[in-house]
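Asker: let me see the structure of the following:
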Amino acid sequence: MLEGVDKPLTKSDIDLLMETYQNMFLMHKTVLDQQTSIHDCLKRVLDNQKGITENYQELIKIVEKIEACRDILEKSDTSIINTVDTINNGVKNHNDEFLKFIGSINNKVYIAWIGSATIILGLLALFFK
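Answerer: Reported below is the predicted structural model:
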């Protein structure tokens, strides 16, 4: 016998001990199944995060291309505005010169009318005298 034990183990004690071992085995199997399930779930999460990271890198490339396009468009916009301003100034100068030209033609036409009227009046005066 064991020291400190007063009586030997009975069949019910052994049954209880075996049932305890069986319960511990079932508990360890359940915990192992749960850990396997958690591991599989974590692996799926890791795969999803890897996909998100790859998509994020692609998004960064797209954003960089969009920024480059924006810079090109800003430069083009500035160039177009400068060109339009230059054209507007050229058209304004042309219009001013054209108005001066039309004004000089009008003056010449008025002088021609006055000259013609003077000649006609002079001829009428000679004719009626």
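Asker: where does this protein dip in pLDDT?
Answerer: For the chain, applying pLDDT under 70 flags the ranges 1-5.
Asker: let's see 80
Answerer: 1-7, 9, 129 (pLDDT under 80).
Asker: which residues of it fall in strands?
Answerer: Taking DSSP state E as the test, none of the chain falls into strands.
Asker: and the contacts of stretch 12-22?
Answerer: With C-beta atoms under 8 Å, 6 or more residues apart in numbering as the test, stretch 12-22 has contacts from Leu9. (C-beta placed from N, C-alpha, C; glycine too.)
Asker: how about it: buried residues?
Answerer: Neighbour counts over stretch 12-22 (16 or more other C-beta atoms under 10 Å) mark no residue as buried.
Asker: next one: stretch 27-45
Answerer: Across stretch 27-45, burial judged by 16+ other C-beta under 10 Å covers no residue at all.
Asker: how far off centre is it?
Answerer: How far stretch 27-45 lies from its chain's middle: 42 Å, per C-alpha atoms, centre = their mean, to the nearest Å.
Asker: just stretch 55-72 next, same as before
Answerer: Offset of stretch 55-72 from its chain centre (C-alpha atoms, centre = their mean): 8 Å.
Asker: okay, it in CSV with CA atoms only?
Answerer: Extracted in CSV, the C-alpha atoms of stretch 55-72 (Å, rounded to 0.1, in the frame of the first residue of the first chain):
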residue,chain,number,x,y,z
ASN,A,55,-4.9,46.0,-53.6
TYR,A,56,-3.6,48.9,-51.5
GLN,A,57,-0.4,48.9,-53.4
GLU,A,58,-2.3,48.9,-56.7
LEU,A,59,-4.4,51.8,-55.4
ILE,A,60,-1.3,53.7,-54.5
LYS,A,61,0.0,53.2,-58.1
ILE,A,62,-3.4,54.5,-59.4
VAL,A,63,-3.3,57.5,-57.2
GLU,A,64,0.2,58.3,-58.3
LYS,A,65,-0.9,58.1,-62.0
ILE,A,66,-3.9,60.3,-61.3
GLU,A,67,-1.6,62.9,-59.6
ALA,A,68,0.7,62.9,-62.6
CYS,A,69,-2.3,63.4,-64.9
ARG,A,70,-3.5,66.2,-62.7
ASP,A,71,-0.1,67.9,-62.9
ILE,A,72,-0.1,67.6,-66.7
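Asker: I am finished for the moment; much appreciated.
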